[in-house]
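Asker: coords below, sequence missing:
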Ligand SMILES: Nc1ncnc2c1ncn2[C@@H]1O[C@H](COP(=O)(O)OP(=O)(O)O)[C@@H](O)[C@H]1O
Ligand SMILES: [Mg+2]
């Protein structure tokens, strides 16, 4: 773990330095919290996540309580760090597929949305293997990649959970994900969606770092990123390589060690809480 500690220390230092030069476009969360566009939110079809679905798909943060605690702790740290820095856009990525990015992004969004004064936008940008729609068992008329290509409006590819969480979904993979994500048009469309919904925080569920270059040309559009690693399957070397690459592309908010079966019971909740 020494290598991981050293990598984290480096990322923290880089983050500390970068906080002095924030991009001018990044509004502090408090600035957008005062007004929001009720009509744009009302146009999104509402989705209710049932208790059965939550149990099946490890959706732990719909309501609070013991199983939501790890996500609530992550929520508090995320808000504090991002608010202090005036950051708004967070990417969730991992070295390889299957580390738990989508599970974490959804639970973090749900946990944040339990703070009713916050407006949260979660967007599936894993355009090769999108699975947020399957996780919440909902198919939209269209996909986010079509929205980014200006083929359909956002409300055809999105749902609303409660009054303050909007989720953009894909029903199918995109044909040219890297080119689309690297395009100026994709950023413009995402910025337009933000203008409409005025979210306090935007979470992008991204593709894995080692699988393609999809993220490389997009991560300068976000303010920070979380790297999700799966204990027992992600190697330390892969965490190290990805954390370094991520730190060159954006601010690394942290590395989340997921799927820990043998967590220290004195320091939190263990694996069995997710069964
Ligand atoms: N904390 C966890 N403990 C055990 N299994 C998990 C955990 N988080 C996610 N999973 C499972 O791992 C699999 C991959 O998760 P997913 O979120 O789809 O990963 P990714 O988006 O990184 O590909 C799913 O079956 C999911 O239920
Ligand atoms: Mg995923």
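Answerer: Looks like it came in fine. Just so you know, these numbers come straight off a predicted model, no measurement behind them. Ligands and ions are numbered 1, 2, ... in the order given.
Asker: Do stretch 60-71 and ligand 1 come into contact?
Answerer: No. Counting by Cβ under 6 Å from any ligand atom, ligand 1 is not contacted by stretch 60-71; separation bottoms out at 8.2 Å. The way it works is simple: take the backbone N, C-alpha and C, and place the C-beta from them, glycine included.
Asker: try stretch 100-115
Answerer: Yes. Using Cβ under 6 Å from any ligand atom, stretch 100-115 reaches ligand 1 at 100-103.
Asker: Could you export those residues as a markdown table, including secondary structure, pLDDT and neighbour count?
Answerer: Compiled in a markdown table, the residues of stretch 100-115 next to ligand 1 are given as follows (DSSP: H, G, I helix; E, B strand; the rest coil; pLDDT from 0 to 100; neighbours: other Cβ atoms under 10 Å):
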| residue | secondary structure | pLDDT | neighbour count |
| --- | --- | --- | --- |
| 100 | coil | 97 | 17 |
| 101 | helix | 98 | 26 |
| 102 | helix | 98 | 28 |
| 103 | helix | 98 | 23 |
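Asker: Without its sequence neighbours, what residue ends up closest to the residue in the stretch 151-275 of the chain that ligand 2 sits nearest to?
Answerer: Of all residues in the stretch 151-275 of the chain, the one sitting closest to ligand 2 is residue 205 (6.0 Å; Cβ to the ion). Nearest residue to residue 205 in three dimensions, chain neighbours excluded: residue 105, at 4.1 Å (Cβ to Cβ, 6 or more residues apart in numbering).
Asker: Check the gap between the closest residue to ligand 2 within the stretch 1-150 of the chain and residue 208 for me.
Answerer: Minimum separation of the stretch 1-150 of the chain from ligand 2 (Cβ to the ion) falls at residue 102, amounting to 3.3 Å. For residue 102, the distance to residue 208 (Cβ to Cβ, to the nearest Å) stands at 11 Å.
Asker: Poorly predicted segments of the stretch 101-250 of the chain, please.
Answerer: Scanning the stretch 101-250 of the chain for pLDDT under 70 picks out no residues.
Asker: 90 instead, please
Answerer: 232 (pLDDT under 90).
Asker: all helices of the protein, in order?
Answerer: Secondary structure of the chain (DSSP state H): helices located at 2-18, 29-33, 38-42, 51-56, 69-85, 101-113, 132-135, 144-148, 177-182, 184-197, 236-249.
Asker: excluding its backbone neighbours, what's nearest whichever residue of the stretch 151-275 of the chain sits closest to ligand 1?
Answerer: Of all residues in the stretch 151-275 of the chain, residue 259 sits closest to ligand 1, at 4.2 Å by Cβ to the nearest ligand atom. Counting by Cβ to Cβ, 6+ apart, residue 259 lies nearest to residue 230, which is 4.7 Å off, once chain neighbours are set aside.
Asker: pretty sure the one you found contacts residue 261?
Answerer: No. Assessed by Cβ atoms under 8 Å, residue 230 is found out of contact with residue 261, at 10.7 Å.
Asker: Neighbour count: those two, which is higher?
Answerer: Neighbours per residue (other Cβ atoms under 10 Å) separate residue 230 from residue 261, with residue 230 holding more: 20 against 9.
Asker: Tell me what the more buried one is bridged to.
Answerer: residue 258 (DSSP bridges).
Asker: Next up, the contacts around it.
Answerer: 94, 96, 98-100, 258-259 (Cβ atoms under 8 Å, 6 or more residues apart in numbering).
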